[in-house]
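Visitor: Compute the structure for the input listed below.
(chains A and B)
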Amino acid sequence: MPDQVGLELIAAALGEAIPGSVLDTEYFRGQASLQVAPSAVRPVLAALRESHGYRALMSVHGVDYYPHEPRLGVHYQLLDMFRVDRIAVKLRVTLDAPSIESVTPDWPTANHQEREVYDMFGVEFEGHPDLRRILMPEDYEGHPQRRDFPLGGEPVLFTHNDATSPGWTR
Amino acid sequence: MSTRADYRRMEDSITLAPLEEQVAAQRGGPTAELLTLNIGPHHPATHGVLRLLVTLEGEVVRDIKPIIGYVHTGIEKTAEDKAYWKVIPVVERMDYLSYYFNAMAFCGAVETLLECEVPKRAQYLRVIHLELNRIMSHLVWLGTSALDLGAMSMFWYCFREREMILDLFEQSSGQRMHTRYFQVGGVIEDIPLGFEAKLREFIAIMPTRVDQYNDLLKRNEILLQRLRNTCTLDEESLLGLGVTGPLLRAAGNPWDLRKAAPYSSYEDFQFKIPVGTVGDNYDRYAVRVAEMKESVKIVEQALDGLPEGPHITADRKIALPPRHELATSMEALIHHFKLVTEGFRVPPGEVYYPIESPRGELGCFVRSDGSAKPARVHMRDPSFVNLQATAAMTRGSYIADLIATLAMLDPILGGIDR
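Guide: Residues are numbered from 1 along each chain as shown, chains lettered A, B, ... in the order given. You can find the predicted model right below:
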């Protein structure tokens, strides 16, 4: 992990290269993270790869910050294998316009992971080559990992209850 | 509308047209000879409920579209509704062959949030179980992969040794699988009497058994022809696709989190990281088999150097008090009651805790909002990410090699779908 000073240096360099990109930095439990503007995510990740050595994108997670606004968050975990160094890039989008640029063209590994975030949280990734649901069925309604999505059952369709089924799968 | 037609309609969004155009451009002619073949979801060679839409030209694979989600059970959603210590058995069921790793990643993340120190003995006990689990996972992989390649007897030999490991798990925790042995702050119980003797027996036997597997397979003509120089993928493409673990090491990159960023006292042990040279299926096989021997070495060192001391943190706000104290100490009773009813509260924050699972980087992301339940638990499961490499590996090779590659990829569908 970069230390707190290193993180500020990276943030300053990014802020200079891409004005308005870095909104905040956080150093928590020895883990460094940058809060970036949603519109700047692709250039920021590219700059971190080109100028700071973070050449591997290890993970993309979606987060729902309910009840805080803006609600939806997307995190990118970057890794530098030579210095064994990690940095997290985080951004927040609102429910009304949950749309950011896809980083799949730069990082092929983001393909499935962005699809998962889309599926579970409804964040749309512009420029993703194949943005479809990945884990939930194609005709599923709603984004189940959102915090306000109700926990509850769905009847499982068997042959014995086919006649009484509410018809959701027909 | 009939149910069958409905299923077809649901799949309308999967389009192969751009792909067919691309292939047509390559061939300079029509694509009438292209065949789309559906493999799975119920097919023995897919190692679970994985479905592949394979585009074939003759016997040659032109593209693959994996379709997943058949065993999606919403574990991450379930975890948000449970107290931290009740999440452990749920996340253990994600990647069902490496349950200790899932528990380790989650406990590690929560311990980081809590800034909780894990006693040295607990760290060593964790290492022993993690490495036994790694061997067990590789044994299942070796047995089923050899079965895919037509070697029936390997399966029985591998499961014979796996049984020894499962017996050890049963001895230490009472369960053979999904043991819930790791707790936040340590492990649930110390190893029982007789565990060490049984483990020593296993340590003595396992390296010779690995040699026996190698004698059976390493120079086997059928295996060599099926694996050697098939479906090679270079390190650069693998890194771009986010592939980690034995698959990346087979291509020559010695990236292993146990060495690179040691957790749970891995820095105390001497072991090597097997790497491949070419990055073909044979290297993937050889790296995993060599890893089993290294894991035995780690287990032996951890057992020899097992320090005395507590097996779980003394912080009563996190770990349950010993049973006998409940009868004599009011304070212990209160702690017990609070932990069992509400659970412990975790300071707000977000952490990502990566470890080296048998399949690569298993990272657990936990977000706490300060309550006794996690606000978000996300596993970066290596199978989920590695699966993306299937198409890149197999494009342009025979469909028979696709089966071998899938076996060497070692995807666990429970981990992919979660």
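
Visitor: name the element whichever residue of chain B sits closest to chain A belongs to?
Guide: Nearest residue of chain B to chain A (Cβ to the nearest Cβ) works out as B:G242 at 2.8 Å. Where you see a C-beta, it was placed from the backbone N, CA and C, and this is true even at glycine. If you go by DSSP states H and E, B:G242 is not part of any helix or strand.

Visitor: For it, which residues are in contact?
Guide: Contacts for B:G242 (Cβ atoms under 8 Å, 6 or more residues apart in numbering or on different chains) come out as A:A56, A:L57, A:M58, A:W107, A:P108, A:T109, B:V385, B:N386, B:Q388.

Visitor: For the fifth one, which residues are in contact?
Guide: With contacts defined as Cβ under 8 Å, 6+ apart, the neighbours of A:P108 are B:G240, B:L241, B:G242, B:Q388.

Visitor: Neighbour-wise, which one of those leads?
Guide: B:G242 (29 neighbours; other Cβ atoms under 10 Å in any protein chain shown).

Visitor: Can you name the residue of chain A nearest to chain B?
Guide: Closest point on chain A to chain B, by Cβ to the nearest Cβ, is A:T109, at 2.8 Å.

Visitor: Quick check: closest non-adjacent residue to that residue.
Guide: B:G242 (2.8 Å; Cβ to Cβ, 6 or more residues apart in numbering or on different chains).

Visitor: List the neighbouring strands of the helix or strand harbouring B:I355 plus their orientation.
Guide: Here B:I355 sits within strand B:349-357, counting by DSSP H and E. Each strand paired with strand B:349-357, and its direction, by DSSP bridges: strand B:360-368 (antiparallel).

Visitor: partners of the helix or strand just after the strand it pairs with in the sheet?
Guide: Using DSSP H and E, the helix or strand that follows strand B:360-368 in sequence is strand B:374-380. Partners of strand B:374-380 in the sheet, by DSSP bridges, are strand B:360-368 (antiparallel).

Visitor: Averaged pLDDT, the strand holding B:I355. What do you get?
Guide: Average pLDDT, strand B:349-357: 93.

Visitor: which strands and helices sit next to the biggest helix by length in chain A?
Guide: What stands out as the longest helix in chain A, according to DSSP state H, is helix A:4-17. Counting by 3 or more Cβ pairs under 8 Å, 6 or more residues apart in numbering or on different chains; DSSP states H and E, the packing neighbours recorded for helix A:4-17 are strand A:22-28, strand A:31-36, helix A:41-52.

Visitor: is it possible to export the ones you listed to CSV including mean neighbour count and distance to chain B?
Guide: Output for these, formatted as CSV (neighbours: other Cβ atoms under 10 Å in any protein chain shown; distance: least, Cβ to the nearest Cβ, whole Å):
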stretch, mean neighbour count, distance to chain B
strand A:22-28, 16, 5
strand A:31-36, 21, 6
helix A:41-52, 18, 11
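
Visitor: and the ones you listed as CSV, adding mean pLDDT?
Guide: Listed next are those as CSV, based on pLDDT from 0 to 100:
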stretch, mean pLDDT
strand A:22-28, 87
strand A:31-36, 90
helix A:41-52, 90
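
Visitor: tell me which parts of the stretch 151-300 of chain B are close to chain A?
Guide: Contact residues, the stretch 151-300 of chain B versus chain A (Cβ under 8 Å from any Cβ of the partner chain): B:L239, B:G240, B:L241, B:G242, B:V243, B:T244, B:N253, B:W255, B:A260, B:A261.

Visitor: did I read that right, A:G73 in a strand?
Guide: Yes: residue state for A:G73 (DSSP: H, G, I helix; E, B strand; the rest coil) corresponds to a strand.

Visitor: I figured it was touching A:T94, is that so?
Guide: No: counting by Cβ atoms under 8 Å, A:G73 stays clear of A:T94, with 11.0 Å between them.

Visitor: All set, thanks.
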